[in-house]
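A.B. asks: only geometry, no sequence info:
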(Lines give C-alpha, C1' and ligand atoms only; values in the text may rest on other atoms or scores of the structure.)
Protein backbone atom coordinates (compact mmCIF):
# COMPACT_ATOMS: atom_id res chain seq x y z
CA UNK A 1 0.00 0.00 0.00
CA UNK A 2 1.25 3.49 -0.80
CA UNK A 3 2.27 5.50 2.23
CA UNK A 4 2.24 4.56 5.93
CA UNK A 5 0.30 6.13 8.79
CA UNK A 6 1.35 5.79 12.40
CA UNK A 7 0.17 7.42 15.64
CA UNK A 8 -1.36 10.77 14.62
CA UNK A 9 -5.12 11.25 14.37
CA UNK A 10 -4.61 13.14 11.10
CA UNK A 11 -3.25 11.33 8.06
CA UNK A 12 -0.35 12.14 5.81
CA UNK A 13 -1.77 12.49 2.31
CA UNK A 14 0.23 11.22 -0.63
CA UNK A 15 -0.64 12.98 -3.89
CA UNK A 16 -0.36 11.33 -7.27
CA UNK A 17 -1.78 13.41 -10.07
CA UNK A 18 -3.31 12.31 -12.25
CA UNK A 19 -4.46 8.99 -10.73
CA UNK A 20 -3.40 6.44 -13.29
CA UNK A 21 -5.36 3.44 -12.03
CA UNK A 22 -8.68 5.07 -11.10
CA UNK A 23 -11.03 7.29 -13.04
CA UNK A 24 -12.24 10.02 -10.68
CA UNK A 25 -15.10 12.44 -11.34
CA UNK A 26 -14.35 16.17 -11.38
CA UNK A 27 -13.70 17.61 -7.89
CA UNK A 28 -13.18 14.13 -6.40
CA UNK A 29 -10.29 12.20 -4.92
CA UNK A 30 -9.58 8.72 -3.59
CA UNK A 31 -9.39 7.57 0.04
CA UNK A 32 -7.63 4.28 0.77
CA UNK A 33 -6.06 2.17 3.49
CA UNK A 34 -5.19 -1.42 4.38
CA UNK A 35 -6.13 -2.99 7.71
CA UNK A 36 -3.79 -5.42 9.46
CA UNK A 37 -3.85 -7.32 12.74
CA UNK A 38 -0.96 -7.16 15.25
CA UNK A 39 0.96 -9.90 13.37
CA UNK A 40 0.58 -8.03 10.04
CA UNK A 41 -2.10 -10.30 8.59
CA UNK A 42 -4.97 -8.61 6.71
CA UNK A 43 -8.27 -8.22 8.59
CA UNK A 44 -10.63 -9.42 5.88
CA UNK A 45 -13.85 -8.79 7.81
CA UNK A 46 -13.07 -5.15 8.68
CA UNK A 47 -15.91 -2.67 8.19
CA UNK A 48 -15.42 0.98 7.19
CA UNK A 49 -17.55 4.07 7.70
CA UNK A 50 -16.63 7.42 6.16
CA UNK A 51 -18.33 10.59 7.41
CA UNK A 52 -17.86 14.22 6.39
CA UNK A 53 -16.73 17.05 8.65
CA UNK A 54 -20.33 17.51 9.88
CA UNK A 55 -20.59 13.84 10.88
CA UNK A 56 -22.91 12.87 8.02
CA UNK A 57 -22.39 9.37 6.53
CA UNK A 58 -20.80 9.42 3.09
CA UNK A 59 -19.90 5.81 2.31
CA UNK A 60 -19.49 2.49 4.12
CA UNK A 61 -18.39 -1.01 3.22
CA UNK A 62 -16.12 -3.92 3.93
CA UNK A 63 -12.48 -4.72 3.25
CA UNK A 64 -11.45 -6.87 0.29
CA UNK A 65 -9.69 -10.25 0.85
CA UNK A 66 -6.41 -8.39 1.39
CA UNK A 67 -7.81 -6.06 4.05
CA UNK A 68 -7.87 -3.08 1.69
CA UNK A 69 -10.49 -0.37 1.32
CA UNK A 70 -10.61 2.13 -1.56
CA UNK A 71 -13.36 4.65 -2.24
CA UNK A 72 -13.91 7.77 -4.35
CA UNK A 73 -15.29 10.81 -2.50
CA UNK A 74 -15.75 14.52 -3.23
CA UNK A 75 -12.77 16.62 -2.22
CA UNK A 76 -12.96 17.59 1.44
CA UNK A 77 -12.21 16.57 5.03
CA UNK A 78 -13.34 13.14 6.22
CA UNK A 79 -13.39 10.95 9.29
CA UNK A 80 -12.74 7.25 8.84
CA UNK A 81 -13.92 4.64 11.36
CA UNK A 82 -12.69 1.05 11.10
CA UNK A 83 -14.21 -1.78 13.12
CA UNK A 84 -13.84 -5.56 13.19
CA UNK A 85 -15.09 -8.25 15.52
CA UNK A 86 -12.58 -8.85 18.32
CA UNK A 87 -10.61 -5.63 17.73
CA UNK A 88 -10.60 -2.15 19.22
CA UNK A 89 -12.22 0.37 16.81
CA UNK A 90 -9.88 2.73 14.96
CA UNK A 91 -10.58 6.32 13.89
CA UNK A 92 -8.68 8.83 11.83
CA UNK A 93 -9.21 12.18 10.07
CA UNK A 94 -7.88 12.95 6.61
CA UNK A 95 -8.11 15.57 3.87
CA UNK A 96 -8.92 14.40 0.35
CA UNK A 97 -7.91 16.78 -2.41
CA UNK A 98 -9.16 16.86 -5.99
CA UNK A 99 -7.61 14.21 -8.27
CA UNK A 100 -5.34 12.90 -5.50
CA UNK A 101 -4.90 9.75 -3.46
CA UNK A 102 -5.28 10.19 0.30
CA UNK A 103 -3.69 7.05 1.71
CA UNK A 104 -3.70 6.10 5.37
CA UNK A 105 -1.32 3.27 4.50
CA UNK A 106 -1.28 0.25 6.80
CA UNK A 107 -3.60 0.60 9.80
CA UNK A 108 -3.01 -1.90 12.62
CA UNK A 109 -5.99 -2.90 14.75
CA UNK A 110 -5.35 -3.94 18.32
CA UNK A 111 -7.04 -7.01 19.76
CA UNK A 112 -9.90 -6.00 22.06
CA UNK A 113 -10.08 -7.37 25.55
CA UNK A 114 -13.17 -9.61 25.72
CA UNK A 115 -15.79 -8.71 28.35
CA UNK A 116 -15.61 -10.45 31.71
CA UNK A 117 -17.51 -13.74 31.81
CA UNK A 118 -20.09 -14.61 34.49
CA UNK A 119 -19.06 -16.82 37.41
CA UNK A 120 -19.68 -20.54 37.18
CA UNK A 121 -23.05 -21.67 38.51
CA UNK A 122 -26.73 -21.76 37.59
CA UNK A 123 -28.22 -18.70 35.91
CA UNK A 124 -31.78 -18.17 34.72
CA UNK A 125 -33.29 -16.03 31.98
CA UNK A 126 -34.83 -12.85 33.39
CA UNK A 127 -37.92 -12.73 31.16
CA UNK A 128 -38.91 -9.15 32.04
CA UNK A 129 -35.73 -7.91 30.33
CA UNK A 130 -35.45 -10.54 27.60
CA UNK A 131 -37.14 -11.08 24.23
CA UNK A 132 -37.44 -14.00 21.83
CA UNK A 133 -38.51 -12.59 18.49
CA UNK A 134 -38.71 -13.72 14.90
CA UNK A 135 -39.02 -12.33 11.39
CA UNK A 136 -40.65 -14.12 8.46
CA UNK A 137 -41.84 -13.25 4.97
CA UNK A 138 -45.53 -12.87 4.10
CA UNK A 139 -45.73 -14.88 0.86
CA UNK A 140 -42.34 -13.47 -0.15
CA UNK A 141 -43.48 -9.87 0.25
CA UNK A 142 -43.64 -7.82 3.46
CA UNK A 143 -41.91 -9.04 6.60
CA UNK A 144 -43.88 -10.30 9.57
CA UNK A 145 -42.36 -9.51 12.97
CA UNK A 146 -43.42 -11.44 16.03
CA UNK A 147 -42.35 -12.75 19.41
CA UNK A 148 -43.07 -15.34 22.04
CA UNK A 149 -44.36 -13.66 25.18
CA UNK A 150 -43.87 -16.59 27.61
CA UNK A 151 -40.62 -18.52 28.04
CA UNK A 152 -38.13 -19.68 30.67
CA UNK A 153 -34.56 -20.91 30.60
CA UNK A 154 -31.61 -21.96 32.72
CA UNK A 155 -27.90 -21.86 31.89
CA UNK A 156 -25.41 -23.92 33.89
CA UNK A 157 -22.11 -22.09 33.41
CA UNK A 158 -18.92 -24.02 34.03
CA UNK A 159 -15.20 -23.36 34.04
CA UNK A 160 -14.24 -23.56 31.23
CA UNK A 161 -17.36 -22.03 29.66
CA UNK A 162 -17.16 -24.41 26.69
CA UNK A 163 -18.61 -27.16 28.92
CA UNK A 164 -21.68 -25.13 29.88
CA UNK A 165 -25.26 -26.21 29.13
CA UNK A 166 -28.53 -24.41 28.46
CA UNK A 167 -32.20 -25.41 28.48
CA UNK A 168 -34.92 -23.06 27.19
CA UNK A 169 -38.68 -23.76 27.10
CA UNK A 170 -41.04 -21.54 25.05
CA UNK A 171 -44.83 -21.52 25.35
CA UNK A 172 -45.97 -22.02 21.73
CA UNK A 173 -49.39 -20.50 22.39
CA UNK A 174 -47.76 -17.22 23.47
CA UNK A 175 -46.87 -16.35 19.87
CA UNK A 176 -47.78 -12.73 19.10
CA UNK A 177 -47.56 -10.93 15.74
CA UNK A 178 -49.90 -8.10 16.77
CA UNK A 179 -52.75 -9.53 14.66
CA UNK A 180 -55.24 -11.79 16.41
CA UNK A 181 -56.53 -13.72 13.35
CA UNK A 182 -53.01 -14.41 12.13
CA UNK A 183 -51.89 -15.51 15.60
CA UNK A 184 -54.86 -17.90 15.84
CA UNK A 185 -53.85 -19.35 12.48
CA UNK A 186 -50.23 -19.77 13.59
CA UNK A 187 -51.44 -21.63 16.70
CA UNK A 188 -53.62 -23.92 14.60
CA UNK A 189 -52.80 -27.36 13.17
CA UNK A 190 -51.67 -25.63 9.96
CA UNK A 191 -48.58 -24.31 11.74
CA UNK A 192 -47.50 -24.77 15.38
CA UNK A 193 -50.42 -27.01 16.34
CA UNK A 194 -50.16 -25.86 19.96
CA UNK A 195 -52.74 -28.35 21.27
CA UNK A 196 -50.48 -31.27 20.28
CA UNK A 197 -47.15 -29.50 20.75
CA UNK A 198 -47.54 -26.89 23.51
CA UNK A 199 -43.84 -26.02 23.85
CA UNK A 200 -40.68 -25.40 21.87
CA UNK A 201 -37.55 -26.60 23.68
CA UNK A 202 -33.84 -26.05 23.13
CA UNK A 203 -31.10 -28.11 24.80
CA UNK A 204 -27.53 -27.00 24.11
CA UNK A 205 -24.73 -29.51 23.68
CA UNK A 206 -21.81 -27.24 22.77
CA UNK A 207 -20.49 -23.75 23.53
CA UNK A 208 -17.76 -22.72 21.08
CA UNK A 209 -15.71 -19.52 21.49
CA UNK A 210 -15.24 -17.88 18.08
CA UNK A 211 -13.01 -15.05 19.33
CA UNK A 212 -13.62 -11.74 21.04
CA UNK A 213 -17.20 -11.64 22.33
CA UNK A 214 -18.56 -14.09 19.72
CA UNK A 215 -19.78 -17.57 20.61
CA UNK A 216 -21.58 -20.36 18.78
CA UNK A 217 -24.10 -22.28 20.90
CA UNK A 218 -25.18 -25.51 19.21
CA UNK A 219 -27.96 -27.76 20.41
CA UNK A 220 -31.23 -29.58 19.71
CA UNK A 221 -34.42 -27.62 19.02
CA UNK A 222 -37.72 -29.49 19.36
CA UNK A 223 -40.57 -27.82 17.48
CA UNK A 224 -43.83 -29.28 16.18
CA UNK A 225 -42.80 -32.76 17.32
CA UNK A 226 -39.53 -32.69 15.34
CA UNK A 227 -36.01 -32.23 16.74
CA UNK A 228 -33.23 -30.66 14.68
CA UNK A 229 -29.72 -29.34 15.42
CA UNK A 230 -29.45 -25.55 15.30
CA UNK A 231 -26.64 -23.11 16.08
CA UNK A 232 -27.14 -19.77 17.79
CA UNK A 233 -24.70 -17.12 16.56
CA UNK A 234 -24.19 -15.37 19.90
CA UNK A 235 -22.71 -12.02 20.91
CA UNK A 236 -21.86 -11.79 24.61
CA UNK A 237 -22.43 -8.23 25.86
CA UNK A 238 -20.88 -8.48 29.33
CA UNK A 239 -21.89 -8.03 32.97
CA UNK A 240 -23.95 -5.32 34.65
CA UNK A 241 -25.98 -4.58 37.74
CA UNK A 242 -29.77 -4.47 38.02
CA UNK A 243 -31.97 -2.02 39.94
CA UNK A 244 -31.40 -3.91 43.19
CA UNK A 245 -27.69 -4.35 42.61
CA UNK A 246 -27.87 -7.97 41.43
CA UNK A 247 -25.28 -9.05 38.88
CA UNK A 248 -26.68 -9.91 35.48
CA UNK A 249 -25.18 -10.92 32.15
CA UNK A 250 -26.51 -10.10 28.68
CA UNK A 251 -26.19 -11.52 25.19
CA UNK A 252 -27.76 -11.37 21.75
CA UNK A 253 -28.18 -14.38 19.47
CA UNK A 254 -29.60 -15.18 16.04
CA UNK A 255 -30.37 -18.27 14.01
CA UNK A 256 -32.37 -19.18 10.92
CA UNK A 257 -34.97 -21.93 10.84
CA UNK A 258 -36.56 -23.57 7.81
CA UNK A 259 -40.20 -24.55 8.22
CA UNK A 260 -39.85 -27.72 6.16
CA UNK A 261 -37.16 -29.01 8.56
CA UNK A 262 -39.83 -29.10 11.25
CA UNK A 263 -42.72 -30.20 8.98
CA UNK A 264 -44.47 -26.88 9.59
CA UNK A 265 -46.43 -26.16 6.41
CA UNK A 266 -49.90 -24.83 5.76
CA UNK A 267 -52.67 -26.96 4.31
CA UNK A 268 -55.24 -24.21 3.94
CA UNK A 269 -55.27 -20.44 3.98
CA UNK A 270 -57.74 -18.45 6.00
CA UNK A 271 -60.27 -16.46 4.07
CA UNK A 272 -59.63 -12.79 3.30
CA UNK A 273 -55.93 -13.26 2.68
CA UNK A 274 -54.69 -13.81 6.23
CA UNK A 275 -50.90 -14.09 6.04
CA UNK A 276 -49.03 -17.29 5.41
CA UNK A 277 -45.39 -17.48 6.51
CA UNK A 278 -42.43 -17.82 4.17
CA UNK A 279 -40.09 -20.84 4.09
CA UNK A 280 -37.39 -19.46 6.39
CA UNK A 281 -37.68 -17.68 9.71
CA UNK A 282 -35.01 -15.57 11.42
CA UNK A 283 -35.00 -15.88 15.19
CA UNK A 284 -33.52 -13.10 17.34
CA UNK A 285 -32.88 -13.44 21.07
CA UNK A 286 -32.01 -10.57 23.37
CA UNK A 287 -31.40 -12.13 26.77
CA UNK A 288 -30.43 -11.14 30.28
CA UNK A 289 -29.64 -13.78 32.90
CA UNK A 290 -29.40 -13.56 36.70
CA UNK A 291 -28.15 -15.92 39.36
CA UNK A 292 -30.69 -18.62 40.06
CA UNK A 293 -32.03 -18.17 43.57
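C.D. replies: Thanks, I have it. Note that this is a predicted model, so its numbers are computed, not measured.

A.B. asks: please enumerate the helices of the chain.
C.D. replies: For the chain, the helices defined by DSSP state H occupy 180-187.

A.B. asks: okay, now the unreliable bits of it?
C.D. replies: Under the criterion pLDDT under 70, the flagged ranges of the chain are 1-22, 137-142, 259, 262-279.

A.B. asks: domains for it, by residue range?
C.D. replies: Structural domains assigned to the chain are 28-108, 121-291, following automatic domain parsing.

A.B. asks: which one of those domains lies closest to residue 114?
C.D. replies: domain 121-291 (5.5 Å; Cβ to Cβ). Using the backbone N, CA and C atoms, a C-beta is placed for each residue, glycine as well.

A.B. asks: enumerate every residue touching residue 235.
C.D. replies: 213, 214, 215, 251, 252, 253 (Cβ atoms under 8 Å, 6 or more residues apart in numbering).

A.B. asks: tell me the bridge partners for it.
C.D. replies: Under DSSP bridges, the beta-bridge partners of residue 235 are residue 214, residue 252.

A.B. asks: again, but for residue 81
C.D. replies: With DSSP bridges as the criterion, residue 81 is bridged to residue 49, residue 91.

A.B. asks: for the stretch 101-250 of the chain, which segments count as strands?
C.D. replies: Assigned by DSSP state E, counting those that start in this stretch, the stretch 101-250 of the chain shows strands spanning 101-108, 121-125, 131-138, 143-148, 151-157, 165-171, 175-176, 199-211, 214-223, 226-241, 247-258.

A.B. asks: what's stretch 63-73 in contact with?
C.D. replies: By Cβ under 8 Å, 6+ apart, the surrounding residues in contact with stretch 63-73 are 1, 22, 24-25, 28-36, 42-48, 50, 58-59, 61-62, 96.

A.B. asks: buried subset of these as a ChimeraX selection?
C.D. replies: To isolate the buried ones among the contacts of stretch 63-73 in ChimeraX, judged by 16 or more other Cβ atoms under 10 Å, type:
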select :1,24,28,29,30,31,32,33,34,35,36,42,43,46,47,48,50,58,96
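
A.B. asks: restricted to strands, list the contacts of stretch 63-73.
C.D. replies: Applying DSSP state E to the contacts of stretch 63-73, the entries found in strands are 28-36, 47-48, 50, 58-59, 61-62, 96.

A.B. asks: before we move on, back to that, so can I have JSON lines of the strands of the stretch 101-250 of the chain showing distance to residue 189?
C.D. replies: Converted to JSON lines, the strands of the stretch 101-250 of the chain look like this (distance: least, Cβ to Cβ, whole Å):
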{"stretch": "strand 101-108", "distance to residue 189": "57"}
{"stretch": "strand 121-125", "distance to residue 189": "29"}
{"stretch": "strand 131-138", "distance to residue 189": "18"}
{"stretch": "strand 143-148", "distance to residue 189": "19"}
{"stretch": "strand 151-157", "distance to residue 189": "22"}
{"stretch": "strand 165-171", "distance to residue 189": "18"}
{"stretch": "strand 175-176", "distance to residue 189": "14"}
{"stretch": "strand 199-211", "distance to residue 189": "16"}
{"stretch": "strand 214-223", "distance to residue 189": "14"}
{"stretch": "strand 226-241", "distance to residue 189": "15"}
{"stretch": "strand 247-258", "distance to residue 189": "19"}
